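K.L.:
Take a look and give me a structure for this.
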Amino acid sequence: MNTPNRYGAQSVDGLDRSAQTRRGRVLYWFVWRLFFAAIKVLFRLRVVGKQNLPDGPFILCGVHRSFLDTPIIGMVTSRRMRFMGKESLWKSRLLGGFLSVMGGFPVERGSADRTALRAAEDVLALGEPLVMFPEGTRQVGPRLLREQVLDGPSFVAARSGIPLVPVGIGGSTRALPLGSVLPRPRKVVAVIGAPIYPPPRGEGRVPRRVVADLSDRLFEDLSGLYIQARVLAGDEPAPNL
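P.N.:
Modelled structure (predicted):
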């Protein structure tokens, strides 16, 4: 049975990753607007394609080239986005409470991928959107590589019936390059693509081919959106038509 934890949220399998309390919603509303104002001023953030965000739960899949991508992708909507975090961060009551309110939920570092994916499914079952970076970690380069797009988001989407929403992010690499500590004022653009809906799930395990097909579609859409975002952010010239 799920019971309220010390932050006022419900606990799922002993982890704090549930819907917000009223106090949590007020705190999130306040902090989100502070972050949005700061990012808007520092990076002149422009979000294209907000109409593509579904009303219900979805998996937001962004290109990952900079530490800034995480806060940037959290600004594309005022809805609370959910993020996986190291379980050790929740050892501090104050920090853990803040992270929970802001959408974080703990996953044991070094645990099996299956455990993390089940945690993601739990969050989506609560009706909230979830952020998953398909490349897993920060990559480099102006183009995506198919072999670096992992199947985790597609697997969760296929099992849960939740759509993938691709997001290209341009300008974040110039704003906070790899190895830099302090961000630089640069224009950042996030371009949200159309949702990618998984096929209806039958009984039994999700076929490997279904997951691979979803990852192929996600790679293709992300590749185009990343180029579009880079052009809009001034990272590269517009292609000749």
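K.L.:
When you work out contacts or count neighbours from here on, use the C-alpha atoms and nothing else.
P.N.:
Fine.
K.L.:
so how far is stretch 61-78 from its chain's centroid?
P.N.:
Put simply, stretch 61-78 sits 7 Å off its chain's centre (C-alpha atoms, centre = their mean, to the nearest Å).
K.L.:
tell me the mean pLDDT over that stretch?
P.N.:
When pLDDT is averaged over stretch 61-78, the result is 92.
K.L.:
do the same with stretch 201-215
P.N.:
The average pLDDT within stretch 201-215 is 89.
K.L.:
Look up the pLDDT of the residue positioned nearest the centre of the chain for me, please.
P.N.:
The centroid of the chain falls nearest to residue 131 when counting by C-alpha atoms, centre = their mean (2.1 Å). pLDDT recorded at residue 131 is 92.
K.L.:
Work out for me the element the closest residue in space to it that isn't next to it in sequence sits within.
P.N.:
Nearest residue to residue 131, sequence neighbours excluded (C-alpha to C-alpha, 6 or more residues apart in numbering): residue 60, at 4.7 Å. Using DSSP states H and E, residue 60 maps to strand 59-62.
K.L.:
So which elements touch that strand?
P.N.:
strand 130-131, helix 152-160, strand 164-170 (3 or more C-alpha pairs under 8 Å, 6 or more residues apart in numbering; DSSP states H and E).
K.L.:
Partner strands of that strand and their direction?
P.N.:
strand 130-131 (parallel), strand 164-170 (parallel) (DSSP bridges).
K.L.:
Next secondary structure element downstream of that strand?
P.N.:
Next element after strand 59-62 (DSSP H and E): helix 69-73.
K.L.:
List the buried residues of that following helix.
P.N.:
Residues 69, 70, 72, 73 are the ones in helix 69-73 that count as buried (16 or more other C-alpha atoms under 10 Å).
K.L.:
hang on, the earlier thing: so what's the residue count around the residue nearest to residue 131?
P.N.:
Counted with other C-alpha atoms under 10 Å, the neighbours of residue 60 add up to 25.
K.L.:
buried stuff in the longest helix along the chain?
P.N.:
In the chain, with assignment by DSSP state H, the single longest helix is helix 208-233. For helix 208-233, the neighbour count (16+ other C-alpha under 10 Å) marks 210-211, 214-216, 218-219, 221-233 as buried.
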